[in-house]
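*Asks:* no sequence for this one, just the structure:
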C-alpha cells in the first residue's frame, strides 16, 4: 500500500515550457487535491476533485489545469511555466465526504528559470 | 487567503520540555486539523478536532479548540528530538466539498 505517490520528485523548467505532474493514490479515495507550498508558507489549494469526473478551482488556479483521469489518478498541468510557479507541489487525497483527514504525497520540487 | 494564523512562527526548546503552538482562524469551521511536516517531506495528519469538541488527546498530543475565540492550541508533551518539524493547523469549512485552509506553520526545534 503505497498511499499517495507523485512523479517526478524534482523538475527544472525554462520559462514557457510545459509539463504535467502526476499523482496517484491506492487507497480508493474519492477526493483528490493539488497544493503548492512556497518558502515559509503554508499550503495553498490549486485545484481539487471531490469525486471522479469532477474538478474545481481552489485558491490559486491561474496558470494550471487538472485532469481526474480515473479514481486513482489526478494530474496537474502547467501549460506555459513562469518563474512565479517555482514551488513545491503536493498532491493529497481524502476518503469521501465527511470529516476526514487528508493523506499527502511526498511532493514535487519545481524550479522555473 | 490563509485562514489560520499560527503563533509562534518558530519555537526552540530542550528535549523533554513541553511545546505549545497556537492557531487562530477567521470563519466558522466544521473541524480543525493539525499536520506535521518534516523537512523536505509531505504533510502527515496528527489529529482532528470537531467544532463541537473542546479537547482531544492522542498519545503525547493534546489539542484544544475554542470556537468562541476562533482559536486552537497543540500541546506536545515530553518532547523528543524526532518531534523537530513544522506544524500546521488547517481549518475545514465544508461547503459542498471539503477544502482545507492551512496556516503558515510553526517551526519547532527540539534541542538534545
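*Replies:* Arrived safely, thanks for sending. Just so you know, these numbers come straight off a predicted model, no measurement behind them.

*Asks:* Could I get the pLDDT score of the residue sitting nearest the centre point of chain A?
*Replies:* Against the mean C-alpha coordinate of chain A, by C-alpha atoms, centre = their mean, the closest residue is residue A:34 at 2.9 Å. With respect to pLDDT, residue A:34 scores 98.

*Asks:* residues contacting it?
*Replies:* Residue A:34 makes contact with A:21, A:23, A:45-48, A:58, A:64, A:66, A:74, A:76, A:89-92, according to C-beta atoms under 8 Å, 6 or more residues apart in numbering or on different chains. In this view, the C-beta of every residue, glycine as well, is placed from N, C-alpha and C.

*Asks:* Out of the residues you listed, name the ones that lie in strands.
*Replies:* A:21, A:23, A:45-48, A:64, A:66, A:74, A:76, A:89-92 (DSSP state E).

*Asks:* Closest one to residue A:5 out of the residues you listed, please.
*Replies:* For the ones in strands among the contacts of residue A:34, the minimum distance to residue A:5 (C-beta to C-beta) is 7.2 Å, reached by residue A:23.

*Asks:* Quick check: the gap between the residue nearest to the centre of chain A and residue A:104.
*Replies:* Per C-beta to C-beta, to the nearest Å, residue A:34 is found 11 Å from residue A:104.

*Asks:* can you check residue A:94 too?
*Replies:* 10 Å.

*Asks:* Return every residue with contacts to both of those two.
*Replies:* With C-beta under 8 Å, 6+ apart, residue A:94 and residue A:104 have no common neighbours.

*Asks:* What's the end-to-end length of stretch A:57-74?
*Replies:* 14 Å (C-alpha to C-alpha, to the nearest Å).
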